[in-house]
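Colleague: from the sequence below, what's the structure:
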Amino acid sequence: MGVDLDSVSEATSGAIGAVVSSTILYPLDTCKAKYQAELRSLNGQFKYRNLSDVLWEALSKGQVFSLYQGLGTKNLQAFVSQFIYFYGYSYFKKLYLQRTGFKSIGTKSNLVIAAVAGACTAIITQPLDTASSRMQTSEFGKSKGLWKMLTEGSWSETFDGLGISLLLTSNPAINYTVFDQLKNRLLKGNQDKVNKHKSPEVLSAFSAFVLGAISKSIATCLTYPAIRCKVMIQAAETSDAEKSKRKQKAHKTIPGVLYAIYRKEGVSGYFKGLQAQILKTVLSSALLLMIKEKISASTWVFILATQKFLLLNQGTSQKDVADLYPSIGSLKPIRIVYIDDLYL
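Modeller: Residues are numbered from 1 along each chain as shown. Below is the predicted model of the structure:
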């Protein structure tokens, strides 16, 4: 079928948007990860009572730049995962429409394609995800490099949290379903007034953002226990005593982590750090989509121009190239589709 330029452009702009939004919000993400990873100590105390305590620790120790520890790995993971996800989603959606002959894709099919793209992305990028989580949750100033993170344990340990990552592909499905229901309810009254000869009313940019934030918050609340379990499974070892305990692998499993949280923190422990997660995720989704929207057209033009240049260098005549591609100035921007944030 060849290279799908629409999918490549979608993937590239989405990946760049993910890297930029990840960089901007990385200190918040680091504080969130360290806060989520902490389990109540045996004497019933928390080292971090609030999210701000993580920030104050970095400031008091003069380790402000440690809030960015693991940023390179996180950005690499963000770029690779978003590129794979955006490309897979866009490509398989187009393939589905070509094979079925449909002009549009239904909600159920859309969710299945998104889930499959998310699962494939999680499997491929899980080692980077695990390494970045360990770097973020390491003591300030003591984070190890990517290669050491990947090689110091067994190969299977680099896939810690994969089961939960696959489980969390349900998050976008919940988000999409809630958004769709809220949108239909909001527009229902107006649609009854729309004349059949007029176009149906669509959401404004502000309404879409508000509904997107609400639906994402609901999806995050419903899946948050799994999100915290994932962070704890991937968290760095903080002491020799804890390291010896982790050799048993008991609390590196989903049941083990769930039991440890319940035993030390009760039911409320499953939702520790929920506010920070919602804040980070909503801001990240908004930034990613905003950046992706702004650069998509430019990315599309750049990819076409690059391919035209390569064809000319391969000996293709200018007339044939002109027949293959319209003038860049007459190109319409590619249609932007909503794709959920992967960073949970």
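Colleague: C-alpha from now on. contacts and neighbour counts both.
Modeller: Fine.
Colleague: how many residues are close by Ala286?
Modeller: Ala286 has 16 neighbours, counted by other C-alpha atoms under 10 Å.
Colleague: does it belong to a helix or a strand, and which?
Modeller: Taking DSSP states H and E as the definition, Ala286 sits inside helix 274-313.
Colleague: what's the burial count for the closest residue to Gln82 other than its chain neighbours?
Modeller: Leaving aside its sequence neighbours, Gln82 sits nearest to Ala15 (C-alpha to C-alpha, 6 or more residues apart in numbering; 4.8 Å). Close neighbours of Ala15, defined as other C-alpha under 10 Å, add up to 27.
Colleague: ok, now which ones touch Ala15?
Modeller: 78-83, 86 (C-alpha atoms under 8 Å, 6 or more residues apart in numbering).
Colleague: what separates Leu30 from Arg49, distance-wise?
Modeller: Wrong residue type there; residue 30 is Thr, not Leu. Noted for Thr30: a distance of 16 Å to Arg49, by C-alpha to C-alpha, to the nearest Å.
Colleague: out of the two, which sits in the busier spot?
Modeller: Neighbours were counted for Thr30 and for Arg49 using other C-alpha under 10 Å; Thr30 has more, 25 against 10.
Colleague: isn't that one right up against Ser66?
Modeller: No: judged on C-alpha atoms under 8 Å, Thr30 makes no contact with Ser66 at a distance of 9.0 Å.
Colleague: tell me how far Lys183 lies from Pro172.
Modeller: 16 Å.
Colleague: which of these two has more neighbours?
Modeller: Taking neighbours as other C-alpha under 10 Å, Lys183 and Pro172 compare with Pro172 leading, 22 against 17.
Colleague: where's the more buried one relative to Ala114, distance?
Modeller: For Pro172 relative to Ala114 (C-alpha to C-alpha), the value is 8 Å.
Colleague: one more: Gln69?
Modeller: Taking C-alpha to C-alpha as the measure, Gln69 falls 31 Å from Ala114.
Colleague: next: Leu167.
Modeller: Applying C-alpha to C-alpha, the value for Leu167 to Ala114 is 13 Å.
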